[in-house]
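Trainee: Build me a model from this:
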Amino acid sequence: MIEVKLAPSILAADFAQLGNQVREAEAAGADRIHVDVMDGHFVPNISMGPVVVEALRRVTKLPLEVHLMIAEPERYVEAFAKAGADTIQVHVEAALDFRQTVRRIRHLGKKVGVVLKPGTSPVVISDILAEVDIVLVMTVEPGFGGQAFMPSMLEKIRQVRQLIDTTRKEIELEVDGGIDVHSTAQVVAAGGGVLVAGSSIFHAPGGIAKGMDALRAASKG
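Mentor: Presented below is the predicted three-dimensional model:
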């Protein structure tokens with residue numbers, strides 16, 4: 001059975017209390033912190049940059065994974081690496097030379113993640129899969145938090161799980177988008193091992209810890 005990990009997404013956090021909320025998530029047993037970076041070009045929204053990662057690095061010992069939802073991400077991987085990112089995740093649809101970008105991230109000493117939008121076939125990562133640490137399957141269209149989970153993505157999660165299993169490597173399968181107590185069990189059953197959750201953690205009734213506890217319970221079916 002896959003050991004499920006939780007990656008709270010700070011896109012849903014209260015930025016006036018960001019440091020405190022990240023500390024609270026860490027105390028509640030979060031496995032990593034997920035940072036969504038948007039440029040208003042690759043996706044229709046703008047969010048945070050390296051300065052936020054640098055600030056987070058000072059308040060948590062958890063791994064920081066940075067999800068670059070930006071055009072030409074190769075231009076910025078070094079800045080995020082220097083800011084303190086432990087993992088840099090890049091959309092296969094966004095990089096000018098995806099393989100070169102993956103190797104650049106590796107050269108910087110960081111873990112590498114490849115991200116697939118809902119409309120992108122898993123087949124496109126077959127040739128690069130052995131060079132990455134994480135595959136992130138988006139189960140909503142990237143750009144905005146709080147969207148509803150797309151059940152049609154469950155088959156895609158299963159397909160990615162099969163691809164990963166054929167490599168015989170320890171590659172994590174992460175799922176991001178609409179993760180809550182209703183979708184979690186289905187995602188885990190399909191092969192998801194890392195759950196990125198924003199609203200269901202940071203907007204949970206009763207607080208962050210209760211939100212995370214509810215997801216853990218849901219992950220066990």
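Trainee: Next up, phi/psi of V137, please.
Mentor: phi -100, psi 120 (degrees, to the nearest 10).
Trainee: what sits against it?
Mentor: Contact analysis of V137 by CB atoms under 8 Å, 6 or more residues apart in numbering lists 116, 153, 156-157, 160, 173-176, 192. Glycine gets a C-beta too; all of them are placed from N, C-alpha and C.
Trainee: Format these as CSV; extra columns: distance to S219, pLDDT and neighbour count.
Mentor: Below are the contacts of V137 laid out as CSV (distance: CB to CB, whole Å; pLDDT from 0 to 100; neighbours: other CB atoms under 10 Å):
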residue, distance to S219, pLDDT, neighbour count
L116, 22, 97, 20
M153, 17, 97, 24
K156, 19, 97, 21
I157, 14, 98, 22
V160, 18, 97, 25
L173, 14, 98, 22
E174, 14, 98, 26
V175, 11, 98, 31
D176, 15, 96, 24
G192, 9, 97, 30
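Trainee: Looking at those, which is nearest N45?
Mentor: Closest to N45 out of the contacts of V137 is D176 (14.6 Å), distances taken as CB to CB.
Trainee: Quickly note the distance from that closest one to S152.
Mentor: D176 sits 15 Å away from S152, going by CB to CB, to the nearest Å.
Trainee: what do you get for V140?
Mentor: Separation of V140 from S152 (CB to CB): 11 Å.
Trainee: what touches both of those two?
Mentor: P118.
Trainee: Looking only at neighbour counts, state which of the two leads.
Mentor: V140 (19 against 9; other CB atoms under 10 Å).
Trainee: what's the burial count for the closest residue to the more buried one other than its chain neighbours?
Mentor: Excluding the flanking residues, the one nearest V140 by CB to CB, 6 or more residues apart in numbering is G177, at 3.3 Å. As a burial measure, G177 scores 24 neighbours (other CB under 10 Å).
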